[in-house]
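1. Structure, please.
(2 chains)
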Amino acid sequence: MKALGRSLVTLAGFLLVWQAVAMLGDLPAYILPEPWAVALSLWHHSGALLHHAGVTALEIVLGMALGTLMGCASALALGYSRRARRWVLPVLIASQAVPVFAIAPLLVLWLGYGLGSKVVMAMLIIYFPVTANFYDGLRHTQRGWLDLARVMLPAPRPWAVLRHIAIPAALPALASGLRVAAAIAPIGAVIGEWVGSSAGLGYLMLHANSRMQVDLMFAALLVLAALAVGLYFLVDAGLRRLLPWHPATPDSFKSD
Amino acid sequence: MTLPQPESIFLSASLEPPLGVSLRAARLVYSGLTLFDGLDLELRAGCFTCLLGPSGIGKSSLLRLLAGLTPPGVSGELRGGDGRTLAGRVAYMAQQDLLLPWLNVLNNVTLGNRLRGEAVDRPRALRLLARVGLADAALARPDTLSGGMRQRAALARTLMEDRPVVLMDEPFSGLDALSRLRLQALAADVLAGKTVLLVTHDPLEALRLGEHILIMNGRPAALSALPDLPGAPPRDPGDPAVQAAYRAILQRLEAA
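-> A predicted model of the protein is given here:
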């Protein structure tokens, strides 16, 4: 609660500075609109903003779900099969040298201007952090637990060990990956929208920009930020509830 | 040899006869250093044996060899007293409790059942938890328990495995003095009738618990037996016979 209060004070200070710069700098409204103009635009265009925010949110959520699914499956395959590690892992790591942004035009070319290209974009951008974190967790199962399982099992049962020990033990690491994913999935969706789309907050921003409606641009940016922060908090809270035994859950918004 | 007491017969699901263990020509070379070579170890069936020795002598490696957790650089010929392999007939308890933090105490105790894909014997697990004084903590998560309670849960999990041979690697060395004394008494009680090897660097613990005490010393290390003490474990640390044996052990350890 105190942290929230402090954040609000900081935010108010930021708004004051913004207002002061806009007034004293004598900047035209199409370069830097005053905060109240943005607030007004938020109010006037609330219908359109809501509609486009819904589109972007859908892209993000679908991208998150698919990326998480793919990432988990890849991490499990890498953790379970030595062959997958030897044949796929080097390529997977090298593939990260390709900037995801550079693929965006290709995705739009292949998947069209609709939802598909943005979902795939968001999926691709979160795939690696989810895979890398989960795989890392699967590799670092506490030695003693594996020893215990080996003594308990007369004959090896790798799948049972994975299911009862290695996967649950790796869930906190997967959770770190999902937090990163929640923070960057909106980037993927908006990049996709910038390259080619007919709906979404990224589209709305480009559209407003070309018509010098800078206040609407700011309003869209604000909604996007709120969306991203909301998503992060939702994912964070959900993970905390699911992993109550894990004390090291990062408390990123607690300052002391 | 002590006969199984009625209580432990009740706790045991099967009524196998006690099983001896024999290890021949054990050898451990660790980074160019021969810790032991040509070592023979005989565990009497149904007897509580303590293996005493200074840190770094190779006690834990020897125990892991018996548990089938063959550490790198270790070799030796291991057989049960009946001439068959020991796989699946050994339970293992380490210095860390190795409780899985995402499972409650009851589910930790029944981990072996689930790893092997058997039906979970809840009534027996609850009986064992009551036996180690954790009847009220069956549904508690391990991180809410004290160190002593966690080690009791680990003891219940070890008993749940119902194996004729129990190997313990300094299981009480992380506890405070009072908890340690209580757990030693409990272990002596509930493990009666099983073939136990307890590794420790604490002479008093060996004297308190051991029906048979082996000292591991020198480099490469050799085993020597201490004359069997009068009285049944758990012995009182203040007993004159225990005190005399304590002095003898210290002399022997210093002489090496």
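
2. For the residue of the stretch 51-200 of chain B found nearest chain A, which non-adjacent residue is spatially closest?
-> Per C-beta to the nearest C-beta, the residue of the stretch 51-200 of chain B with the smallest distance to chain A is B:G88, at 2.9 Å. Placement of C-beta: from N, CA and C, glycine included. Excluding its sequence neighbours, the residue lying closest to B:G88 (C-beta to C-beta, 6 or more residues apart in numbering or on different chains) is A:P154, at 2.9 Å.

3. Secondary structure class of the one you found, three-state.
-> Following DSSP: H, G, I helix; E, B strand; the rest coil, the label given to A:P154 is coil.

4. Please state the backbone phi and psi of it?
-> Dihedral pair for A:P154: phi -60, psi -40, per degrees, to the nearest 10.

5. pLDDT at the residue of the stretch 51-200 of chain B closest to chain A, what is it?
-> At B:G88, the model reports a pLDDT of 88.

6. what's the answer for the one 3 residues further on, then?
-> B:A91 is assigned a pLDDT of 95 by the prediction.

7. Please, which helix or strand holds it?
-> Of the helices and strands defined by DSSP states H and E, B:A91 is found in strand B:90-93.

8. got the contact list for that strand?
-> Contacting residues not belonging to strand B:90-93 are listed as A:147-148, A:151-152, B:66-69, B:154-155, B:158-159, B:161-163, B:165-169, B:171 [C-beta atoms under 8 Å, 6 or more residues apart in numbering or on different chains].

9. Filter those residues down to the ones in helices?
-> Secondary-structure check on the contacts of strand B:90-93 using DSSP state H: residues within helices are A:147-148, A:151-152, B:66-67, B:154-155, B:158-159.

10. picking up where we left off before, ok, the residue of the stretch 51-200 of chain B closest to chain A - contacts?
-> With contacts defined as C-beta under 8 Å, 6+ apart, the neighbours of B:G88 are A:153-155, B:163.

11. Check A:T56 too.
-> The neighbours of A:T56, taking C-beta under 8 Å, 6+ apart as the test, are A:186, A:189-190, A:193, A:200-202, A:224, A:227.

12. Out of those, which end up buried?
-> In those, burial by neighbour count holds for A:186, A:189-190, A:193, A:200-202, A:224, A:227, counting by 16 or more other C-beta atoms under 10 Å in any protein chain shown.

13. Farthest pair within the residues you listed?
-> In terms of C-beta to C-beta, those reach their longest pairwise distance at A:E193 and A:L227, which sit 12.8 Å apart.

14. list residues touching both of those two?
-> When contacts are counted by C-beta under 8 Å, 6+ apart, A:E193 and A:L227 are jointly contacted by A:56, A:201.

15. So which residues of chain A form strands?
-> Counting by DSSP state E, chain A yields no residue ranges for strands.

16. where in it is pLDDT low?
-> A:1, A:247-256 (pLDDT under 70).

17. Could you count how many residues lie near the residue of it found nearest chain B?
-> Closest to chain B within chain A is A:P154: 2.9 Å, counting by C-beta to the nearest C-beta. Other residues within reach of A:P154, judged by other C-beta atoms under 10 Å in any protein chain shown, total 14.
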